[in-house]
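> sequence isn't available, so here's the structure alone:
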């Protein structure tokens, strides 16, 4: 969420998605997979103190990164099954609007076209994967929610403003947010100018700040646990108390990173 980047819906974001082992992988069209069954397992929980207690919560949200290989139907099914054994309600956060930044950055789409494409990909995900959630509705009350819906609210704007100010003022937080973008994009910088590279890194940071503001909204709305097949280094740091100036909603969020094991 880049989400859902959202990243990553989750991944530090889907603009620089991480696979279940935490390896950076670029956004791409999802290719068919030979494996048809996966098992979701806990890779890590932040903060560490919640490792044995997060299942006491009734609700969670699952971040979905678009055009991310961790969200093929078999892998999504394994995550939904894992959630069905632990939570009674789950909001599925689809990182549609924030995915526009990925498309602008990696595919060079103009902003209006990138947004149009991102929203369409979100709608297509819902259409294609609704059956996965329907299969487990007897166990879990699933709600599908898009980042674009959350971003229309006043609270989103307030959280985003706070995070932007914190990013501008706090060196440690800014360095954490930017570090992944630097590492990811510099490996793929052949043939582009330094100005273009810095623009990509800046857009990565913009993605994270939008994504984190969405997460803060969901936590405020009563969703205390975030589930994602990958890792969010900065978000995990916040949950561990390393960035005390971050919004309280993010500091109190429990982040569960899953590993998807092929069977």
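Yep, it's here. What you are looking at is a predicted structure, and each value in this text was computed from that prediction instead of being measured. Numbering: from 1, shown residues only.
> which SS class is the spatially closest residue to residue 226 that is not a sequence neighbour?
Using Cβ to Cβ, 6 or more residues apart in numbering and skipping residues adjacent in sequence, the residue nearest residue 226 is residue 255, 5.2 Å away. For glycine as for every other residue, the C-beta is placed from the backbone atoms N, C-alpha and C. Following DSSP: H, G, I helix; E, B strand; the rest coil, residue 255 is assigned to strand.
> quick one: low-confidence ranges for the stretch 1-150 of the chain?
Low-confidence segments of the stretch 1-150 of the chain (pLDDT under 70): 1-35.
> residue ranges of the helices in it, please?
73-84, 99-107, 111-134, 147-150 (DSSP state H, counting those that start in this stretch).
> from the chain's centre, how far out does the shortest one sit?
Taking the mean of its C-alpha atoms, helix 147-150 sits 13 Å from the chain's own mean (Cα atoms, centre = their mean, to the nearest Å).
> packing partners of that helix?
strand 89-94, helix 194-220 (3 or more Cβ pairs under 8 Å, 6 or more residues apart in numbering; DSSP states H and E).
> how does it look with 6 Å?
helix 194-220 (3 or more Cβ pairs under 6 Å, 6 or more residues apart in numbering; DSSP states H and E).
> okay, angle between the helix it packs on and helix 99-107 too, please.
If you take axes from the mean of the first three to the mean of the last three Cα atoms, to 10 degrees, helix 194-220 sits at 160 degrees to helix 99-107.
> okay, the angle between helix 194-220 and strand 89-94?
Using the same axes, to 10 degrees, the inter-axis angle of helix 194-220 relative to strand 89-94 is 160 degrees.
> now helix 194-220: mean pLDDT?
Averaging pLDDT along helix 194-220 gives 91.
> flag every buried residue along it.
197, 200-201, 203-219 (16 or more other Cβ atoms under 10 Å).
> phi, psi for residue 258 please.
phi -100, psi 150 (degrees, to the nearest 10).
> touching, it and residue 40? I think so.
Yes - with contact defined as Cβ atoms under 6 Å, residue 258 counts as touching residue 40 (4.8 Å).
> so how far is stretch 126-134 off the chain centroid?
Centre-to-centre, stretch 126-134 and its host chain are 19 Å apart (Cα atoms, centre = their mean).
> now do stretch 229-241
Using Cα atoms, centre = their mean, the offset of stretch 229-241 from its chain centre is 11 Å.
> what does stretch 115-122 rub up against?
Around stretch 115-122, the neighbours that count as contacts under Cβ atoms under 6 Å, 6 or more residues apart in numbering are 66, 94, 96, 99, 100, 103, 146.
> quick one: contacts for the second one?
Contact criterion Cβ under 6 Å, 6+ apart gives 4, 64, 122, 125, 146 as the residues in contact with residue 94.
> run through the bridge partners of it.
Counting by DSSP bridges, residue 94 forms beta bridges with residue 64, residue 146.
> buried set for stretch 83-97?
In stretch 83-97, counting by 16+ other Cβ under 10 Å, buried: 83-84, 86-87, 89-97.
> please identify which pair of those residues lies farthest apart.
The most widely separated members of the buried residues of stretch 83-97 are 86 and 97, with 28.5 Å between them, by Cβ to Cβ.
> next, count neighbours for residue 108.
Neighbour count of residue 108, defined by other Cβ atoms under 10 Å: 10.
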